[in-house]
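J.: build the 3D model from these lines:
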Amino acid sequence: MRWQIAQFVFCDQQQTLVSDNHVQQLEPMAVELLRYFCQNRDQIISIDRLIEHVWLNRIVSDNAVSKLITKLRKAFNDNPRKPIFIATFPKKGYKFIAPVIPLSAEQTNVTLYSNDEVNETALKNSNLDSGKSIQAYLSLGLILVVLVIGVLLFNSNKPKPMPLATGVKALTRDGGSEMAPRVSPNGQYLSYMRRGENLSLWIKSLASQEVVEVTHAELASPWLGPLSWNDAGNLVVYLVTTTDSCAYYVREFAGLQLKPAKLLLECPAGSYGKIAFIHDDHRFVYSASPGPNSAFSLYEFNQLSGETRLLPQPELVLGGNSLFDVHPTENKILISSPDKQQWEGFYSLNLDTDALSLLFKQDAYICCGIWDHSGTKVVLMGEHPAYQLISYALNGKNPQIVYSGSQQLRSPERHSNGKDYLFVAGDKNYNVYRYDLLEATSKPIVSSSVDDRLAVYSAAKNRVAYVSVTSGNEEIWLVNGDGSNAKKLTNFNDHRHYLELIWSADGRFLFATTLNEIHQVDTITGQDTKLSLAQIELRGVSVKDENTIAFSQFINSRWQLTFYNLATDQTTLAEIKWKYVQFAPNPEDTIWQDQNESMYVGSSPRLISDPDISPQFMLFGRVFNIKKRGNNWIWQVMENGQYQIMLKGQDNKVRPLLASDSYHVDLSELGILYHQINGDEADIYTTISH
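T.: Got it, this is the predicted structure:
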């Protein structure tokens, strides 16, 4: 969201305050405070109200509020004795008195008010003793006229400027990360999952704040959740998984009391889906996969007949169809499903007639569509990184902001009060570390208050490239191998989401892979060029030489190695034998995999007979997991919900080296570049509507 504040333009997503081409980067709490002021201009706001809506009822002192007000005044160069932006009302609070105009994405940063006009308006608004003058009403009328004109000029294909919900309230304040919120139909209870050593399931009384854990003592280290309520709120159904089992259970619920669990149905081990009631205590829709790393399908289960049926659904691509939402009043579900172009599609399935229809698609990194409370719109997170909830008509048109905040949002759900929405908000702060293989020590080389990830090393330039959201969007940054001299390389200023970075052999270019594109980025100029490739799922991108990159695409029911010529923009298929190849700066470190899952190494592929080098290590998702540099091999495995970096060195022994918090790892002459989270705090919030 963007606002014109006198001669300034404030963007809460990029956390910037701009005037006369001067850009100030605001700290997150200052962004939240200024956003709240913009939404509540010309009102006296008490400190208690600020603590409730800006600090979300966290325990803070009046002095902390005062200090943040002082920082905000400094950003505006505002004199507290003669304020033109923030006026103090002793023993009452603060009032934001500068003119504020919400801006659409298309409006330029035009100064709508001169300094004299700002001073005049502020003087009239900050006069505590005299009544409002005729001039003040005229000024207010002028502001309203400008607002109306701005609304009329707003592009109908962009989100409307003012959100439907102006505040939020935290429903959880547990340490760590909570997820999958559901409020009971009577609005009295909240169910949610908590991430720890395992995934645990909890139900909380929103009145007393009492919390109970849903447990299955007979199982060793189970993962529980997510949970679904029936329409009456007296039954819950949820998933329980272990390393070798998967099942859905149903239980009676009354006043934080759970009766013994009853097995509803079993699912394949390694399937981690979800289940929901279909406005009937005996009909359920659920997702399941054949096992780990397999695509999910959607099923309906009838408890009375004991029958399970595969539902009509979109074609299985990537993870398949695990994301669905039951219509608030009808026997329909909304399915979120990617297509072969990696566009996210939203489908409506009538469970009574089996009619499946595509509503709309978006070429964006988005997730988890739900019906709105009327069942006539779709609510989504905004594009990555998501700071907004946005509703769309069923044809994908007429977007409208439901809520806009300064923290990244995840996983929207409807509140049972019929007007608000639940979501998870919080930031995972990934930092980049380097492990020195000789000294056996780790140290951070990129450490900021936001995500820094996908770190890769260029031996040719002794530079590390990584992706950071410091500027509000994902951009590519460069830093010296020792962590010094960090600078932003790109100015994409959009919502693309990167999955992998790769250096060219000479260190001149970077190849950045998104969901369905590859961008070539010049590390001197920062200019990027999208390669002329069809929008499809790409796996295992690597650089063969200065003119050729390699990747794998899904053709004729198998993954096929493909080469792309940078000079001619032409693609050619490799010998059909090859599934993946990971080229390396030293050709002898190149790793191959064939269609039979056998692995090879070298410029002239030689079969690997080492039993420790398993094909299952080749990729994590879409990116290469195993790396070779000389006598050193590394790869990652998942243990107890965390990545574990394994090393096989010159002594030919495999040993666990260190824990990582990311699928991405790079083996270089510096050592090992990996990522750890410095704080993973995420809480559950509810919007507060007008």
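J.: dump the residue contacts of the residue found closest to residue 595 once you drop the neighbours it is linked to in the chain.
T.: Nearest non-adjacent residue to residue 595, counting by C-beta to C-beta, 6 or more residues apart in numbering: residue 579, 5.3 Å away. From N, CA and C alone the C-beta is placed, and that goes for glycine too. Listed by C-beta atoms under 8 Å, 6 or more residues apart in numbering, the contact partners of residue 579 are 552, 558-561, 593-595, 597.
J.: can you check residue 207 too?
T.: For residue 207, the contact set (C-beta under 8 Å, 6+ apart) comprises residue 188.
J.: am I right that it is in a helix?
T.: No - the assignment for residue 207, made by DSSP: H, G, I helix; E, B strand; the rest coil, is coil rather than a helix.
J.: state the phi and psi torsions of it.
T.: Backbone torsions of residue 207, given as degrees, to the nearest 10, read phi -90, psi -50.
J.: circling back: with residue 573 as the reference, measure out to the residue nearest to residue 595.
T.: For residue 579, the distance to residue 573 equals 12 Å [C-beta to C-beta, to the nearest Å].
J.: return the helix or strand in the chain with minimum mean pLDDT.
T.: Sorted by mean pLDDT, DSSP states H and E, the helices and strands of the chain end with helix 134-153, the least confident at a mean of 40.
J.: what's the longest strand along the chain packed up against?
T.: What stands out as the longest strand in the chain, according to DSSP state E, is strand 671-689. Identification of packing neighbours for strand 671-689 by 3 or more C-beta pairs under 8 Å, 6 or more residues apart in numbering; DSSP states H and E yields strand 165-170, strand 177-183, strand 189-195, strand 421-436, strand 452-458, strand 654-660, strand 666-668.
J.: including mean pLDDT, distance to residue 390 and mean neighbour count, could those go into TSV?
T.: Listed next are the helices and strands packed on strand 671-689 as TSV, based on pLDDT from 0 to 100; distance: least, C-beta to C-beta, whole Å; neighbours: other C-beta atoms under 10 Å:
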stretch	mean pLDDT	distance to residue 390	mean neighbour count
strand 165-170	74	12	18
strand 177-183	92	19	23
strand 189-195	93	23	22
strand 421-436	88	11	22
strand 452-458	93	25	24
strand 654-660	92	34	15
strand 666-668	91	36	23
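J.: would you turn those into CSV with distance to residue 473?
T.: Shown next, in CSV, are those (distance: least, C-beta to C-beta, whole Å):
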stretch, distance to residue 473
strand 165-170, 23
strand 177-183, 23
strand 189-195, 26
strand 421-436, 14
strand 452-458, 14
strand 654-660, 25
strand 666-668, 23
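J.: return the set of buried residues in the longest strand of the chain.
T.: 671-677, 681-687, 689 (16 or more other C-beta atoms under 10 Å).
J.: nearest to residue 521 among these?
T.: Looking at the buried residues of strand 671-689 and their distance to residue 521, the nearest is residue 673, at 18.5 Å (C-beta to C-beta).
J.: that older thread, tell me the angle of the longest strand of the chain relative to strand 654-660?
T.: 40 degrees (axes from the mean of the first three to the mean of the last three C-alpha atoms, to 10 degrees).
J.: strand 671-689 - what's its average pLDDT?
T.: In this model, strand 671-689 carries a mean pLDDT of 85.
J.: contacts only, for residue 422.
T.: Residue 422 touches 171, 181-183, 412-415, 684-686, counting by C-beta under 8 Å, 6+ apart.
J.: at 10 Å what do you get?
T.: If a contact means C-beta atoms under 10 Å, 6 or more residues apart in numbering, then residue 422 has 168, 171, 180-183, 190, 192, 370, 411-416, 684-687 as its contacts.
J.: quick check: next helix or strand after the host helix or strand of the residue nearest to residue 595?
T.: Element membership of residue 579, judged by DSSP states H and E, is strand 578-582. On the C-terminal side of strand 578-582, the nearest following helix or strand under DSSP H and E is strand 591-594.
J.: and the next helix or strand along the chain from that following strand, what does it pack against?
T.: Note on strand 591-594: by DSSP H and E, the next helix or strand toward the C-terminus is strand 599-601. Packing partners of strand 599-601 (3 or more C-beta pairs under 10 Å, 6 or more residues apart in numbering; DSSP states H and E): strand 578-582, strand 591-594, strand 606-607.
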